[in-house]
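Q: Fold the following.
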Amino acid sequence: MAPIRRAISTSVLALALAMPVVSGTAQASPAVHPAHPASSTVAAQRVLAVPGTVNARDVGGYRTYDGKSTRWGVLYRAETLSKLPPEGVGALAGLGLGSVIDLRTAPEAQADGADRLPAGVTSVVQPVDDTSLFAFIGMVVRSKDPVYQEQQLGGGKAEARMDALYRAFVTNAANRAALGAAIRVVANAKEPTLFHCSSGKDRTGVLADTILRAVGVPAGTSEGDYLLSNQLRAASDAALKSQIKAAGLMQDPDLLDPLLQVRGSYLDAFRAQAVADYGNFGDFLSRGLGLDTLTLLKLRLRLVG
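A: Numbers count the residues shown, from 1 in each chain. Okay, the predicted model is just below:
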């Protein structure tokens, strides 16, 4: 009975941290996506001035259900750090990082290059499968065939691929293990931690969402953090599409938008799959990600003040 009691207590703790206190019968409400992911003032405050990145930021300053806030300067999220110039590495050094969690797969890291980190920073590799998303994008773009590109990306097919990607973050056991391990690194850290994937939007986005909700940040607020990637990546994505069109690779590079952007419906798919498979968010944390009561308490104490 003891293991059962421990599992129940972990789920209860997770739900207590992640859900508001309400009276009466709880009712499911339809998903409402923030029209504006963050105010320009707050967004500017959290964006990191790290040359070589466009989507690096602090996850501090988010209010929790109990009126506290996530701490600044403790946890950061970003895209790949493999292309940082020396001044970018220097900017990272100024963050005082103890570890960097790399969510990229081995083929991605091999193709993109290893992270360029300041001396003394530990690299923690916890690969989460992206279902070969970037390899797929490259294959479609390099085909130069507008008919094939429309067949692969048009008519909602690109959106369906992203939906499947986000659901696989839950259904794939190796993905769950990697996400759980990454959260344990954050919970047990004594120095600031940064986590990233390739673009800093999908795998990084769901990890950030899971961590924020686990420590009591409302789901809508967490989604605002997730959607901020669109704002921060807009210029670089537009430049990429312009280059692709100028090179004669695609007549309609806007077909790539569902793959380059984040959307509330994608995050909904991740959250819905977690509930479908585990019943509620708390059980997803405990049974799906293997996070025990002590780890969740450490995470809360580490990130919320």
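Q: what's the closest non-adjacent residue to residue 241?
A: Nearest non-adjacent residue to residue 241, counting by Cβ to Cβ, 6 or more residues apart in numbering: residue 253, 3.8 Å away. C-beta coordinates here come from the backbone N, C-alpha and C atoms, glycine included.
Q: Residue 236 and residue 199, how far apart?
A: Plainly put, residue 236 is 9 Å away from residue 199 if you go by Cβ to Cβ, to the nearest Å.
Q: er, residue 294 actually
A: Distance from residue 294 to residue 199, by Cβ to Cβ: 33 Å.
Q: Residues contacting stretch 241-249, please?
A: By Cβ atoms under 8 Å, 6 or more residues apart in numbering, the residues outside stretch 241-249 that reach it are 141, 142, 144, 250, 251, 253, 254, 256, 260.
Q: which of those are buried?
A: Buried by 16 or more other Cβ atoms under 10 Å: 141, 250, 253, 256, 260, out of the contacts of stretch 241-249.
Q: Contacts only, for the third one.
A: In this case it means residue 253. 240, 241, 242, 244, 245.
Q: May I see the buried ones among the contacts of stretch 241-249 organised as a markdown table, with secondary structure and pLDDT added?
A: A markdown table is the format used below for the buried ones among the contacts of stretch 241-249 (DSSP: H, G, I helix; E, B strand; the rest coil; pLDDT from 0 to 100):
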| residue | secondary structure | pLDDT |
| --- | --- | --- |
| 141 | helix | 96 |
| 250 | coil | 97 |
| 253 | helix | 97 |
| 256 | helix | 97 |
| 260 | helix | 96 |
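Q: Could you identify the most distant pair in the residues you listed?
A: Greatest spatial distance among those (Cβ to Cβ): 250 and 260, at 12.4 Å.
Q: Please report how far the residue nearest the centre of the chain lies from residue 147.
A: Centroid-nearest residue in the chain: residue 205, 1.7 Å away (criterion: Cα atoms, centre = their mean). Distance, residue 205 to residue 147, using Cβ to Cβ: 32 Å.
Q: Residue 76 now?
A: With Cβ to Cβ as the criterion, residue 76 and residue 147 are 43 Å apart.
Q: So which of those two has more stuff around it?
A: Using other Cβ atoms under 10 Å as the criterion, residue 76 and residue 147 rank with residue 76 on top: 23 against 9.
Q: thinking again about what came up before, surely the residue nearest to the centre of the chain is in a strand?
A: No: under DSSP: H, G, I helix; E, B strand; the rest coil, residue 205 falls outside any strand and is assigned helix.
Q: That one is in contact with residue 229, isn't it?
A: Yes: applying Cβ atoms under 8 Å as the test, residue 205 and residue 229 come out as touching, 6.5 Å apart.
Q: Common neighbours of these two, please.
A: Common neighbours of residue 205 and residue 229, using Cβ under 8 Å, 6+ apart, are residue 262.
Q: elements contacting the host helix or strand of residue 160?
A: When elements are assigned from DSSP states H and E, residue 160 belongs to helix 157-171. Packed against helix 157-171 by the contact rule (3 or more Cβ pairs under 8 Å, 6 or more residues apart in numbering; DSSP states H and E) you find helix 133-143, helix 173-188, helix 203-214, helix 257-260, helix 264-278.
Q: What's the mean pLDDT across it?
A: Averaged across helix 157-171, pLDDT comes to 98.
Q: How about stretch 211-223?
A: Predicted confidence along stretch 211-223 averages 98 (mean pLDDT).
Q: Okay, buried residues for it please.
A: By 16+ other Cβ under 10 Å, the buried positions in stretch 211-223 come out as 211, 212, 213, 214, 215, 216, 217, 218, 219, 221, 222, 223.
Q: Just give me how far it sits from the chain centre.
A: Once both centres are worked out by Cα atoms, centre = their mean, to the nearest Å, stretch 211-223 turns out to sit 12 Å from its chain's centre.
Q: Also stretch 146-162?
A: Computed by Cα atoms, centre = their mean, the chain-centroid distance of stretch 146-162 equals 24 Å.
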